[in-house]
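>>> Structural data only, the sequence is not supplied:
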């Protein structure tokens, strides 16, 4: 187990007053070695701490004078200090298996750790969950959690996860619900495997066995051009429509029995089927926004100014996987905070920023605020943003769809756009225009392919990924 390492110290904080230094390793807090940021938060919340430190190879003890509940005032290097619990499933639909070669090593690591589910919103299958984990979740109030269900039939779930423990370990989901833990479920729908009659059976199984689920989202299989699994294929228009019909039929049943819809199909299904999105009230509070359910309707409301809240994505598939050099900035997670070490963790502020010109020699004039505007987004994002921009009836504003050639396949979401594909599109665009890019595809200024904003051939303005930010940026034109 590694010790938490101090990355930064707040001026005037209890840690600074006690003499804690950047680079110190915290071996113990009041005699206990914390295993993760969750336990760290519990321990450092107490008054008058004793810190066992290692500094430059030497061990020392510092007494920290602080009030109970007062922040210690330090940022640490990681969310987990012990070993990450990796995934022992071999799901054919796992996107990790479909990544291109040559990416950063951290992106290829599969996790199945309930702590990352709590901290970052990752989905866990519970196949490595234990009695000790259940006890900790209950006693420390680690809620909500996200659980990948995929199917309630044990044999089907075993097959989907390629793990004979797949079906039996849904008992842990029942145990979590029995103890009042809030759980959000997910079902990745693979054509020909767990759609059709199997999906119908799964939604019946949820009603029978897990009706206390806070929500359940059905999302389509994502395929990159590196997929090697013969059973995995793209969802057809007809299959997408069938999934929507099944989900909406079960919404009616759930509303009759439970008083709520419970299950939702992701926005991508409506795009695939060419159907309009449900009305905002159908999403019952947008509980699954982060999983691509209701994002389009939310964005529309924000863009129109019909809501005071913004729900920009801040987590996702690679949310935790990669350590950020900046480190230490916190993302809220319930009553705890996780170091913002993950992909998409260090984000831009509400003020737009402009990428520096990559050339050290050429003189570049920034586009005028009145210049024509191009809104960069994915092919799926263009289907949502395009109609909103068209309704403005402003010929100086256009959407620029960017095809994801880096991942290929059915990859069409904005969060997986990379610099290589953006650069190819921007190189063909005119100079002197304003180009707006949502920050969801960035960690700091770095894309998943390792390129940076400065590598792009045109200056771009990075804006937060919500409708209100886009509206404000366009109002400046």
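Everything's here; your move. Computed from a predicted structure; not experimentally measured.

>>> The stretch 351-477 of the chain: helices as residue ranges?
379-390, 419-426, 467-475 (DSSP state H, counting those that start in this stretch).

>>> Revised request: answer the last question for the stretch 201-350 of the chain.
Along the stretch 201-350 of the chain, counting by DSSP H, counting those that start in this stretch, helices occupy 237-258, 267-273, 295-304.

>>> Among these, which comes closest to residue 224?
Taking Cβ to Cβ, helix 267-273 is the member of these nearest to residue 224, at 15.0 Å. C-betas here are computed from N, CA, C, even on glycine.

>>> Check which helices and strands that closest one sits against.
Applying 3 or more Cβ pairs under 8 Å, 6 or more residues apart in numbering; DSSP states H and E, one finds that helix 267-273 contacts strand 215-220, helix 237-258, helix 295-304, helix 379-390.

>>> In terms of secondary structure, what does the shortest one contact?
What that stands for is strand 215-220. Here strand 215-220 touches strand 183-189, helix 196-209, helix 237-258, strand 263-265, helix 267-273, going by 3+ Cβ pairs under 8 Å, 6+ apart.

>>> how about the second one: buried residues?
This points to helix 196-209. For helix 196-209, a neighbour-count test (16 or more other Cβ atoms under 10 Å) marks 198, 199, 202, 203, 206, 207 as buried.

>>> quick one: which of these is nearest residue 80?
Within the buried residues of helix 196-209, proximity to residue 80 (Cβ to Cβ) peaks at residue 206, which comes in at 30.7 Å.

>>> Could you chop the chain up by domain?
Following automatic domain parsing, one gets these domains for the chain: 6-76, 95-275, 353-475.

>>> how about these in TSV, adding distance to residue 281?
Output for the domains of the chain, formatted as TSV (distance: least, Cβ to Cβ, whole Å):
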stretch	distance to residue 281
domain 6-76	35
domain 95-275	10
domain 353-475	18
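
>>> before we move on, the earlier item: same list (the helices of the stretch 201-350 of the chain) but as a markdown table, adding distance to residue 150.
Converted to a markdown table, these look like this (distance: least, Cβ to Cβ, whole Å):
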| stretch | distance to residue 150 |
| --- | --- |
| helix 237-258 | 14 |
| helix 267-273 | 16 |
| helix 295-304 | 22 |
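
>>> which stretch among the ones you listed comes nearest residue 372?
Among these, the nearest to residue 372 by Cβ to Cβ is helix 295-304 (19.2 Å).

>>> number of nearby residues for the residue nearest to residue 48 when sequence neighbours are not counted?
Leaving aside its sequence neighbours, residue 48 sits nearest to residue 65 (Cβ to Cβ, 6 or more residues apart in numbering; 6.1 Å). When neighbours are counted by other Cβ atoms under 10 Å, residue 65 registers 11.

>>> Repeat that for the one 5 residues further on.
Summarising burial for residue 70: neighbours were counted as other Cβ under 10 Å, giving 15.

>>> Wasn't residue 51 part of a strand?
Yes - inclusion of residue 51 in a strand is indicated when DSSP: H, G, I helix; E, B strand; the rest coil is applied.

>>> if we can go back for a sec, looking at the helices of the stretch 351-477 of the chain, which is nearest to residue 248?
Residue 248 sits nearest to helix 379-390 of all the helices of the stretch 351-477 of the chain, at 20.3 Å, using Cβ to Cβ.

>>> need the contact list for residue 278.
270, 297 (Cβ atoms under 8 Å, 6 or more residues apart in numbering).

>>> just to revisit the earlier point, would you convert the helices and strands packed on strand 215-220 into TSV that also reports mean pLDDT and distance to residue 368?
Shown next, in TSV, are the helices and strands packed on strand 215-220 (pLDDT from 0 to 100; distance: least, Cβ to Cβ, whole Å):
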stretch	mean pLDDT	distance to residue 368
strand 183-189	97	45
helix 196-209	98	52
helix 237-258	98	43
strand 263-265	97	43
helix 267-273	96	35
